[in-house]
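Engineer: next comes the sequence, and after it the predicted model I'd like to discuss.
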Amino acid sequence: MRTVRDAAFDVLRQHGLTTMFANPGSTEIPLLADLPDDLRFVLALHEGSVVGAATGWAIARREPALVLLHTTAGLGNAVGALATARVNRAPLVVLVGQQDRRHLVQEPFLAGHLEGLAGDYPVRVETPARAQDLPGAIGRAIHAAQLARGPALIIVPMDDWAQPAEDLPITAPTRLRRAIGVDPEAVAELAALVDAAEAPALVVGAGADEPETWRALTALAQRLRCPVWQESFGGRAGFPQDHPQFAGHLPPGRSRLREVLAPYDLVVTIGAPVFRQSGYEAGPLVDDGTRLAMVTDDPAEAQRAPVGLAIVAPLRAFCDQLAGTVRPRSEGPVIPAGREAPEPPADGEQLRATQVLAAIAERLPANAVLVEETPSSRPDLHALVPARQSLGFISAAMGGLGFALPAAIGLRMADPDRPVVAIVGDGSSIYQIQALWTAAHYSVGALFVIMANGRYAVMDELTDKHGGKPSWPAFEEVSVSGLAHSLGCPSRRVADWPTLLDELDTLLPTLAQRTQPLLLEVVVQP
């Protein structure tokens, strides 16, 4: 007898979803027992690591990743990571186990109220009405994850897998394609705005992080001779940051934002919101003399934007046509050079985060994927370590901690020929330290650089700016390298400049060939 499980596996194979990231529970046993050899099971030791690794996989491959979660406990543990996946626009297909359908009405042990547990972060949630509807639900989830770029959930009662399948076509298309045409009138309207501006500028964001979109944006910027800014708090880079027209990262507060954008009479954002902020500040985003327009492929981003003109379109195709339509300019503003690297420490002086970042920047391969989760050092990282290729910078756009370690693992698993470095604060690393077991067990050759200052430094800094003192202690006794070792991940501790340079000179040139992870715990000043 052909079962619903057999039919579901065929749908997954059809769409290339043959790698499953999971932390299993009893409600998933009917699915997982005797898994076919062509389906790969990747175990992580916490659901945050499961979803984080799948998110990295989806970002690297630009296609959905498959996740399996265990009823209420598993989905509940994963909600923060699912929210991060949504804001990072990572397509995930998430199977969530549920108790046996035949006695759900009695709310047996491990039954869950699952459909609303992740709030509105999933792009789709479905509990199939019948077991036989499950293969179609998986197909619909795959398409929803791709189109809306986020996690799509299917809740599966555990007895559904063994039910007989129907010999009927599943209720989801085998292929779903979105048209990528561009409205010439929209191009002409924005081109007219740009041509009328005396001092235009571009702001780019995570939505533009794709090689061909970078190429189109570079052509547009060079034709306009205009500065290109990166959105604040972006999860990915939208433009080559070693390009002479790259101006830097926008500030996160309105007063500084107005200052930075004051020289421009037109600012066009491409693949970025208008404008992401952190702490609230009163006043407008820009001065009266600055007009705003945007191009995005995210309708929700367009609908909430305080701009004169918002265009929803495929970014690469639109930028290609816009670059060929706007009038070329022979000169533009002088863009200041980037920040100079700091001086190395004196003999016996404790390392500073800026020195570590500068040393990494000098040696990092141009094609490296850099995953960031070091809040107190992020401005220095932006200033010193440019993203030179697409996927050259990845971070949690949601702002929650626990993303970098598992995401780096998923990125490297998905693209094993590309070097991956995660730069993570010690406080951040502890949120998903369990992910290192997955890296070690599956021979994932990522490098994890832990900036260890023994405290939540960014929180200390914010408290100081607020005029107070922290209510929490430091945790200098925590050894991240020791935790890594206990999870089977090779690790070393670095506390001086010569040792740091020796490690980086040895490791960074050979990152692409690594077949085992390594964690470097680098002790830095608070």
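Structural biologist: Sure, I can see it. Numbers count the residues shown, from 1 in each chain.

Engineer: from here on, just use CA atoms for contacts and neighbour counts.
Structural biologist: Will do.

Engineer: list the residues that contact the most centrally placed residue in the chain.
Structural biologist: With distances taken as C-alpha atoms, centre = their mean, Asn88 lies nearest the centre of the chain, 4.5 Å away. Shown here is Asn88, whose contacts under the criterion C-alpha atoms under 8 Å, 6 or more residues apart in numbering are 150, 235, 396-398.

Engineer: which one (most neighbours) among these?
Structural biologist: Using other C-alpha atoms under 10 Å as the neighbour criterion, Gly150 leads the contacts of Asn88 with 28 neighbours.

Engineer: from what I can see that residue touches Val94, true?
Structural biologist: No. Taking contact to mean C-alpha atoms under 8 Å, the distance of 10.3 Å between Gly150 and Val94 leaves them out of contact.

Engineer: of the contacts of Asn88, which one scores lowest on pLDDT?
Structural biologist: Of all the contacts of Asn88, Met398 has the smallest pLDDT value, namely 85.

Engineer: and it, what element?
Structural biologist: Element membership of Met398, judged by DSSP states H and E, is empty: it is in no helix or strand.

Engineer: next one: Gly410
Structural biologist: Element membership for Gly410, per DSSP H and E: helix 404-414.

Engineer: mind checking how far that helix is from the chain centre?
Structural biologist: With C-alpha atoms, centre = their mean, to the nearest Å as the basis, the distance from the averaged C-alpha position of helix 404-414 to the chain average is 10 Å.

Engineer: could you list every helix and strand in contact with that helix?
Structural biologist: Taking 3 or more C-alpha pairs under 8 Å, 6 or more residues apart in numbering; DSSP states H and E as contact, the helices and strands that helix 404-414 lies on are helix 47-61, strand 369-373, strand 420-425, helix 435-441.

Engineer: contacts for the longest one?
Structural biologist: With contact meaning C-alpha under 8 Å, 6+ apart, helix 47-61 is reached by 21-23, 43-44, 64-67, 69, 74-75, 77-78, 80-82, 85, 90-92, 391, 402-415, 432, 434-435.

Engineer: ok, longest helix in this structure?
Structural biologist: Ranked by residue count under DSSP state H, the longest helix found in the chain is helix 71-87.

Engineer: against which helices or strands is that helix packed?
Structural biologist: Judged by 3+ C-alpha pairs under 8 Å, 6+ apart, helix 71-87 is in contact with helix 47-61, strand 92-98, strand 151-157.

Engineer: compute the first-to-last residue distance for stretch 121-135.
Structural biologist: Using C-alpha to C-alpha, to the nearest Å, one end of stretch 121-135 lies 23 Å from the other.

Engineer: and it, which residues are buried?
Structural biologist: Of the residues in stretch 121-135, 121-128, 131-135 count as buried by neighbour count, 16 or more other C-alpha atoms under 10 Å.

Engineer: closest one to Val156 out of the residues you listed, please.
Structural biologist: Set against Val156, the nearest of these by C-alpha to C-alpha is Thr127 (6.6 Å).

Engineer: any chance you could list what contacts stretch 414-431?
Structural biologist: Here stretch 414-431 makes contact (C-alpha under 8 Å, 6+ apart) with 56-58, 60-61, 365, 367-375, 401-402, 404-405, 408, 411-412, 445-456, 480, 511-513.

Engineer: can you list the weak-confidence ranges in this protein?
Structural biologist: Per-residue confidence for the chain (pLDDT under 70) gives no ranges below the cut-off.

Engineer: hmm, back to that, in ChimeraX, how would I select just the buried ones from the contacts of stretch 414-431?
Structural biologist: Isolation of the buried members of the contacts of stretch 414-431 (16+ other C-alpha under 10 Å) is achieved in ChimeraX through the command below:
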select :56,57,58,60,365,367,368,369,370,371,372,373,374,375,401,402,404,405,408,411,412,445,446,447,448,449,450,451,452,453,454,455,456,480,511,512
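
Engineer: which residues touch Gln389?
Structural biologist: Gln389 makes contact with 211, 240, 366-367, according to C-alpha under 8 Å, 6+ apart.

Engineer: mind doing that once more with 7 Å?
Structural biologist: The contact partners of Gln389, by C-alpha atoms under 7 Å, 6 or more residues apart in numbering, come to 240, 366-367.

Engineer: ok so, going back, for Glu189, which of the helices and strands packed on helix 71-87 is the nearest?
Structural biologist: The stretch from those with the least distance to Glu189 (C-alpha to C-alpha) is helix 47-61; that distance is 32.5 Å.

Engineer: after the closest one, which helix or strand is next?
Structural biologist: Along the chain past helix 47-61, the next helix or strand (assigned with DSSP H and E) turns out to be strand 65-69.

Engineer: and that following strand, what does it pack onto?
Structural biologist: Other helices and strands packing on strand 65-69, by 3 or more C-alpha pairs under 7 Å, 6 or more residues apart in numbering; DSSP states H and E, are strand 19-22, helix 47-61, strand 92-98.

Engineer: if you set the cut-off to 6 Å instead, what comes out?
Structural biologist: Using 3 or more C-alpha pairs under 6 Å, 6 or more residues apart in numbering; DSSP states H and E as the contact criterion, the elements in contact with strand 65-69 are strand 19-22, strand 92-98.

Engineer: looking at the helices and strands packed on helix 404-414, spot the one closest to Leu462.
Structural biologist: With distances scored as C-alpha to C-alpha, the stretch of those nearest to Leu462 is strand 420-425 (16.1 Å).

Engineer: what lines up beside that closest one in the sheet?
Structural biologist: Next to strand 420-425 in the sheet, as set by DSSP bridges, lie strand 369-373 (parallel), strand 447-452 (parallel).

Engineer: any buried residues in the next helix or strand after the first one, and which?
Structural biologist: As assigned by DSSP H and E, the chain's next helix or strand after strand 369-373 is helix 378-384. By neighbour count, and taking 16+ other C-alpha under 10 Å as the criterion, the buried residues in helix 378-384 are 378, 380-384.

Engineer: distance between helix 378-384 and the chain's centre?
Structural biologist: Once both centres are worked out by C-alpha atoms, centre = their mean, helix 378-384 turns out to sit 18 Å from its chain's centre.

Engineer: returning to what we had before: can you list the helices and strands packed on strand 65-69 in TSV and add distance to Glu349 and mean neighbour count?
Structural biologist: Formatted as TSV, the helices and strands packed on strand 65-69 follow (distance: least, C-alpha to C-alpha, whole Å; neighbours: other C-alpha atoms under 10 Å):
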stretch	distance to Glu349	mean neighbour count
strand 19-22	44	23
strand 92-98	46	28
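
Engineer: among the contacts of Gln389, which ones are in strands?
Structural biologist: Judged by DSSP state E, the subset of those located in strands is empty.

Engineer: can you count the residues close to Ile59?
Structural biologist: With other C-alpha under 10 Å as criterion, Ile59 counts 24.

Engineer: state the distance from it to Leu501.
Structural biologist: The gap separating Ile59 from Leu501 is 31 Å, by C-alpha to C-alpha.

Engineer: in the stretch 401-526 of the chain, which spans are helices?
Structural biologist: Ranges of helices within the stretch 401-526 of the chain are 404-414, 426-429, 435-441, 457-465, 480-486, 497-507, based on DSSP state H, counting those that start in this stretch.

Engineer: tell me which of these is the most buried.
Structural biologist: Among those, judged by mean count of other C-alpha atoms under 10 Å, the one packed with the most neighbours on average is helix 404-414 (a mean of 29).

Engineer: okay, the angle between the strand or helix carrying Arg140 and strand 92-98?
Structural biologist: Element membership for Arg140, per DSSP H and E: helix 134-148. Computed by axes from the mean of the first three to the mean of the last three C-alpha atoms, to 10 degrees, the angle separating helix 134-148 from strand 92-98 equals 140 degrees.

Engineer: give me the contact list for helix 134-148.
Structural biologist: Where contact means C-alpha atoms under 6 Å, 6 or more residues apart in numbering, the residues beyond helix 134-148 that reach it are 8, 91-92, 128, 151-152, 170-172.

Engineer: again, 7 Å this time
Structural biologist: 7-8, 11, 63-64, 91-93, 123-124, 128, 151-154, 170-172, 176.

Engineer: report the inter-axis angle for it versus strand 65-69.
Structural biologist: Here helix 134-148 runs at 120 degrees with respect to strand 65-69, directions being taken by the same axes, to 10 degrees.
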